[in-house]
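# what follows is a predicted structure for the sequence shown.
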Amino acid sequence: QVQLVESGGGLVQAGGSLRLSCAASGRTLSNYDVGWFRQAPGKEREFVGVVRWNTGNSYYADSVKGRFTISRDNAKNTVYLQMDSLKPEDMAVYYCAAGWIPNLSGVSDRSSYAYWGQGTQVTVSS
């Protein structure tokens, strides 16, 4: 069992930056694929990006590519989502999730992830 806790959300102006953290307990997070998702009011939860456990490679949704970066600190058992050049449309509750995903095609599918955090709110003012 993996427990995930997100933190770092808050209010930021458009063009600003935030770094979200996803801290794990119970298991070693580096043994899992760790994804970030977000959900805006009235919308489906959508894929933001993922870092793969075996290669360390990261993949991103087109909407955030070039602006968001996922990294991991294995010593702290934590994965980060660095968000730069934030836009009002980035405003959402952000969730991290962990799982073992055999095929790259599955990383954007919510059902591929077994463990989820409670989410952290990101608000971007224009």
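Ah, there it is. No experiment lies behind these values; they were computed from the predicted model shown. Numbers count the residues shown, from 1 in each chain.

# contacts and neighbour counts: CA atoms only from here.
OK.

# pull the residues that contact stretch 108-118.
The contact list for stretch 108-118 (Cα atoms under 8 Å, 6 or more residues apart in numbering) reads 1-6, 22, 46-49, 95-101, 106.

# can you show me the strands along this protein?
3-7, 10-13, 18-25, 33-39, 46-51, 58-60, 68-73, 78-83, 92-99, 115-116, 120-125 (DSSP state E).

# okay, those strands in a markdown table with mean pLDDT next?
Shown next, in a markdown table, are these (pLDDT from 0 to 100):
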| stretch | mean pLDDT |
| --- | --- |
| strand 3-7 | 98 |
| strand 10-13 | 98 |
| strand 18-25 | 97 |
| strand 33-39 | 98 |
| strand 46-51 | 98 |
| strand 58-60 | 98 |
| strand 68-73 | 96 |
| strand 78-83 | 98 |
| strand 92-99 | 98 |
| strand 115-116 | 98 |
| strand 120-125 | 98 |
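
# can those go into a markdown table with extra columns for mean neighbour count?
Output for the strands of the chain, formatted as a markdown table (neighbours: other Cα atoms under 10 Å):
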| stretch | mean neighbour count |
| --- | --- |
| strand 3-7 | 20 |
| strand 10-13 | 15 |
| strand 18-25 | 20 |
| strand 33-39 | 25 |
| strand 46-51 | 23 |
| strand 58-60 | 18 |
| strand 68-73 | 18 |
| strand 78-83 | 21 |
| strand 92-99 | 24 |
| strand 115-116 | 18 |
| strand 120-125 | 20 |
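
# that'll do, ta.
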